[in-house]
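Student: Here's my sequence, what's the structure:
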Amino acid sequence: QVQLVESGGGLVQAGGSLRLSCAASGRTFGTYAMGWFRQAPGKEREFVAAISWNGGSTTYADSVKGRFTISRDNTKNTVYLQMNSLKPEDTAVYYCAAEKSRWPSSHLQDMDYWGEGTLVTVSS
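Tutor: I've put the predicted structure just below:
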């Protein structure tokens, strides 16, 4: 069992930056691919970014490519999402997810564990 706790959300102006963190419990963190997803009010949850078990492979949604960076520190059981050049349309609850696979997936149904989410609000 893996427990995930997100932090780092908040209110930021358009053009600003935030870094989200996701702390994981358990000894298996280093063998799992990790992902970030988001859900805006009234919309379905969508893929944002994912990273392989060792950080060697990453994938991003087109909407965040070039602005967001996913990374991980397996010594700290933590995955990060650095978000730059934020836009109002990035406003959402951001969720961390873990997949029992070494390689990243962009599909919600592939995720095995989810955090509770952290709210990011970008004002115009």
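
Student: Give me the most central residue, this protein.
Tutor: Against the mean C-alpha coordinate of the chain, by Cα atoms, centre = their mean, the closest residue is W36 at 2.3 Å.

Student: residues touching that residue, list them.
Tutor: Shown in contact with W36 (Cβ atoms under 8 Å, 6 or more residues apart in numbering): 20, 22, 48-50, 70, 79, 81, 94-97. Using the backbone N, CA and C atoms, a C-beta is placed for each residue, glycine as well.

Student: just S57 next, same as before
Tutor: Taking Cβ under 8 Å, 6+ apart, we find S57 in contact with 51, 103-104.

Student: hang on, the earlier thing: could I get the pLDDT score of the residue nearest to the centre of the chain?
Tutor: For W36, the pLDDT comes out at 98.

Student: Ok, Y113 next?
Tutor: Y113 is assigned a pLDDT of 96 by the prediction.

Student: just checking, it touches A97?
Tutor: Yes. Judged on Cβ atoms under 8 Å, Y113 makes contact with A97 at a distance of 6.5 Å.

Student: which neighbours do these two share?
Tutor: L4.

Student: Got the phi and psi for the residue nearest to G55 when sequence neighbours are not counted?
Tutor: Nearest non-adjacent residue to G55, counting by Cβ to Cβ, 6 or more residues apart in numbering: R72, 5.1 Å away. Phi and psi for R72, reported as degrees, to the nearest 10, are phi -150, psi 150.

Student: got it, and L108?
Tutor: With angles defined as degrees, to the nearest 10, L108 sits at phi -60, psi -40.

Student: can you give me the helices for this protein?
Tutor: Per DSSP state H, the chain carries no helices over any range.
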